[in-house]
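In: just the structure for this:
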Amino acid sequence: MKHRLFLFDLDDTLLDFRASEHLSFQHTMQVLGLDTLPDGLFARYQAINVALWRSLELGEVTTDFLKVERFRMTFLAQQLDLDPQAASEIYLASLANTVVLIDGATEVCAALAAVGEVGIITNGAEHVQQVRIASSGLQDYVSFVATSQACGHAKPDTRFFEFAAQKARPFSKDQAIIIGDRLDADILGANRYGIDSCWFNRERLPNTSTAIPTFEIAALGQLLPTLA
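Out: Just a heads-up that it's a prediction; the model follows:
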């Protein structure tokens, strides 16, 4: 195996963010007094959230703005008289402790940490992601965590990957690889930065983008034999 630095995306690569997101959103609405969610509320939130994350990746909004704005826009669209700031605080606290691992995440991180260095690269809030990693049990295998909030730039910006590289032990592009589920952030970022990448394509979707992964897997259990 030529690679010695393994840069993992966190959400929907090592942690099942979609499962955690749904549980945390339901909990937040219940705390705010909505025992039954109105039809389409979560779907509306997801659409708004995804659009705001795209804006974050383009440098158009900040993480702090996004955390509250996604709830403000959702409540406005659904005509709900709820406090978006309170919703944000409740949701982030719940999300930090509502962790669902992707199958094989622990085993893969343990095996790769034994032969090199594992880093986490994530377009997320620093405190929340640190707590989630600790709750997941993966922190014993993770050498460092690089977040867009701490960096000031988000994937696929090459400045984010330079920030992550500075956290690693002796760094060589030839020995580094990014593993992630998003073509437009993880794989495109790897292409721009000039390092190998592995697209974690659980749903076996066609690649219609300009991002070109070095490798492709549909399950984390395929990563070790693929890299070997």
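In: from here on, just use CA atoms for contacts and neighbour counts.
Out: Noted.
In: domains for the protein, by residue range?
Out: Here the domain parsing of the chain from automatic domain parsing is 5-16+101-227, 17-97.
In: next, format these as TSV and append mean neighbour count and mean pLDDT.
Out: What follows is these, written out as TSV (neighbours: other CA atoms under 10 Å; pLDDT from 0 to 100):
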stretch	mean neighbour count	mean pLDDT
domain 5-16+101-227	18	95
domain 17-97	16	94
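In: just the helices in this protein please.
Out: Per DSSP state H, the chain has helices spanning 17-31, 41-57, 63-77, 84-97, 105-113, 126-136, 148-151, 158-167, 188-193, 223-227. These are given in chain order.
In: now do V61 against G152, distance only.
Out: V61 sits 11 Å away from G152, taking CA to CA, to the nearest Å as the criterion.
In: got it, and Q79?
Out: Counting by CA to CA - Q79 and G152 are separated by 33 Å.
In: ditto for T106
Out: 29 Å.
In: quick one: contacts for the nearest residue to F25 once chain neighbours are set aside?
Out: The shortest distance from F25 to any non-neighbouring residue, by CA to CA, 6 or more residues apart in numbering, is to Y91 (6.3 Å). Contact analysis of Y91 by CA atoms under 8 Å, 6 or more residues apart in numbering lists S24, F25, H27, T28.
In: tell me the one of the residues you listed nearest C198?
Out: Closest approach to C198 among the contacts of Y91 (CA to CA): S24, at 29.0 Å.
In: the closest one and L95 touch, don't they?
Out: Yes. Here S24 lies in contact with L95, judged by CA atoms under 8 Å, at a distance of 5.5 Å.
In: H153 - nearest residue in space that isn't next to it in sequence?
Out: Nearest to H153 is F160, by CA to CA, 6+ apart, at 5.5 Å.
In: now swap in T147 and tell me
Out: Spatial nearest neighbour of T147, chain neighbours left out: T122 (5.0 Å); criterion: CA to CA, 6+ apart.
In: now the one you found: how far from Q149?
Out: When distance is defined by CA to CA, T122 is 9 Å away from Q149.
In: cool, and E57?
Out: E57 is 11 Å from Q149, by CA to CA.
In: again with T28
Out: Distance from T28 to Q149, by CA to CA: 23 Å.
In: again with A211
Out: Relative to Q149, and taking CA to CA, A211 is found at 24 Å.
In: got a list of what S136 touches?
Out: V99, V100, L101.
In: closest to G33 among those residues?
Out: V99 (23.7 Å).
In: so the closest one sits against G137, correct?
Out: No. Using CA under 8 Å, V99 is not in contact with G137, being 9.8 Å away.
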